[in-house]
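**Q** What follows is a predicted protein model with its sequence.
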Amino acid sequence: MRWPALHCALASVVCLIASLPPAAPAAEPFYEDLLRRGIAAADAGDHATAARQLRIACFGLLDEPPRLAAGLTYLALSQAALERDDDVRATAERVLDLERRFGAWSDAELAPETRRAFVAEVSRRLPYERLRQLPAFAEATRTRLAAELAELAPARRRQRLARLLQLEPTHPPWVMMMAELELVEGHPEASLELLAPLLAEQPEHAAARCLNGYAAALTGRCDAALADLPACAAPPADESVAERLIH
């Protein structure tokens, strides 16, 4: 009595296995070898060789999204070193598409410094509107963008921040940088207007409360200033703001 039942169970297992989709074939050793050689050439600074080898390698990695994303990342970096901007943009778009569809760039075996270098190159060439849509790129791009903004002259910084605030009106770094700029340039009322939506969403945001306290003090709103200034960890770094507060 046991054998028929056992045969049925085995048949069920065989049918189940047969119904599964076939596994993606592994890349051929030729392409894997080209990928390793291309990465080694890129690390050695031979970017012309790296670009040539990686371009071919990537054709054989289409069924392995994480490996393909890694190869394309190194390819884009070599193309950037060779100043092939159009090629960098095209390669970066392929990486973004792989990340959007499969999370492949997140899963790729890449050193942190390689990821940072790729984000730096991509953020110079692709609009922030594209990069912010992918979590794997959004935060790193924002961090790099914030560092760039801090180095810009006030007029240029204001122009860039205005565009960013249209996209993300309550993103704390953009709000804080513009509010600080307004405060330094003698527009505390504008600073208060910028900070209000952020504080409505994040009332415990210490840096925003601190800045709001300074702006309130400069507009004579003592109660608001006294409520928010205790959130400050340090006095204002900008001497012009500190001077106006004293007087």
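**A** Happy to help now that I have it.

**Q** So F118 sits against L77, correct?
**A** Yes: with contact defined as CB atoms under 8 Å, F118 reaches L77; the gap is 6.2 Å. (Glycine included, C-beta is placed from N, CA and C.)

**Q** for this structure, which spans come out with low pLDDT?
**A** Applying pLDDT under 70 to the chain picks out residues 1-27, 234-247.

**Q** Just the strands from it, written as ranges.
**A** Per DSSP state E, the chain carries no strands over any range.

**Q** ok, now how distant is A108 from A70?
**A** As judged by CB to CB, to the nearest Å, A108 and A70 stand 4 Å apart.

**Q** contacting residues around Q166?
**A** Residues near Q166 by CB atoms under 8 Å, 6 or more residues apart in numbering: none.

**Q** could you redo the last one with a cut-off of 10 Å?
**A** W174 (CB atoms under 10 Å, 6 or more residues apart in numbering).

**Q** still on that earlier bit, which neighbours do F118 and L77 have in common?
**A** Shared contacts of F118 and L77, counting by CB under 10 Å, 6+ apart, come down to 88, 91.

**Q** re the thing from before, for A108 and A70, work out which one has more neighbours and name it.
**A** Taking neighbours as other CB atoms under 10 Å, A108 and A70 compare with A70 leading, 25 against 22.

**Q** Next one: the closest residue to E185 other than its chain neighbours from L96, what distance?
**A** Among residues not flanking E185 along the chain, P154 sits closest, at 6.9 Å (CB to CB, 6 or more residues apart in numbering). P154 sits 32 Å away from L96, going by CB to CB.

**Q** Pick out whichever of these two has more residues nearby.
**A** When P154 and L96 are compared for neighbours, L96 comes out ahead with 21 against 10, by other CB under 10 Å.

**Q** Do I have it right that the more buried one meets R125?
**A** No: the pair L96 and R125 fails to qualify as a contact (CB atoms under 10 Å) at a distance of 11.5 Å.

**Q** The residue nearest to E185: what's it in contact with?
**A** Counting by CB under 10 Å, 6+ apart, P154 has contacts 181, 184-185.

**Q** do A108 as well
**A** Counted by CB under 10 Å, 6+ apart, A108 has contacts 65-73, 95, 98-99, 114-115, 136.

**Q** Kindly recompute the last result at 8 Å.
**A** 66-67, 69-70, 73.
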